[in-house]
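[1] please find the sequence and the predicted model below.
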Amino acid sequence: MSVAKKKFADLAPWQKAAVLTLASVQLSLAATAWADLATRPAEKVNGSKGKWALITLINFVGPIWYFRKGRRA
């Protein structure tokens, strides 16, 4: 049994809006986390900056995790 994949064009208007909204939120979170990481001194980051840069690639979870656990005050 296989599930047919829908194309973006096949989605209902509300589904397209939801996908675009979630995508923009995800990209905004990631861009904000990367900008903060790039400008924050290494001694104010818990762990390596490279590790956190990769972690922020994980959908919504990575940037949120960075803001909660990756930064030192």
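    Sure thing, it's come through.
[2] rest of the way, CA atoms for contacts and neighbours
    OK.
[3] okay, now residue 48: neighbour count?
    11 (other Cα atoms under 10 Å).
[4] burial measure for the closest residue to it other than its chain neighbours, as a count.
    Excluding the flanking residues, the one nearest residue 48 by Cα to Cα, 6 or more residues apart in numbering is residue 42, at 7.4 Å. Neighbour count for residue 42, taken as other Cα under 10 Å: 14.
[5] try the one 5 residues further on
    As a burial measure, residue 47 scores 13 neighbours (other Cα under 10 Å).
[6] likewise for residue 29?
    Neighbour count of residue 29, defined by other Cα under 10 Å: 20.
[7] cool, and the one 5 residues further on?
    Close neighbours of residue 34, defined as other Cα under 10 Å, add up to 20.
[8] in stretch 51-61, which residues are buried?
    52, 53, 55, 56, 57, 60 (16 or more other Cα atoms under 10 Å).
[9] returning to what we had before: is it true that the residue nearest to residue 48 touches residue 49?
    Yes: here residue 42 reaches residue 49: they are 6.8 Å apart, a contact under Cα atoms under 8 Å.
[10] and residue 29, what does it touch?
    Applying Cα atoms under 8 Å, 6 or more residues apart in numbering to residue 29 gives the contacts 60, 63, 64.
[11] my guess is the first one meets residue 26, correct?
    Yes: between residue 60 and residue 26 there is a contact under Cα under 8 Å: 5.6 Å.
[12] what pLDDT does the model give residue 2?
    In this model, residue 2 is scored at 70, pLDDT.
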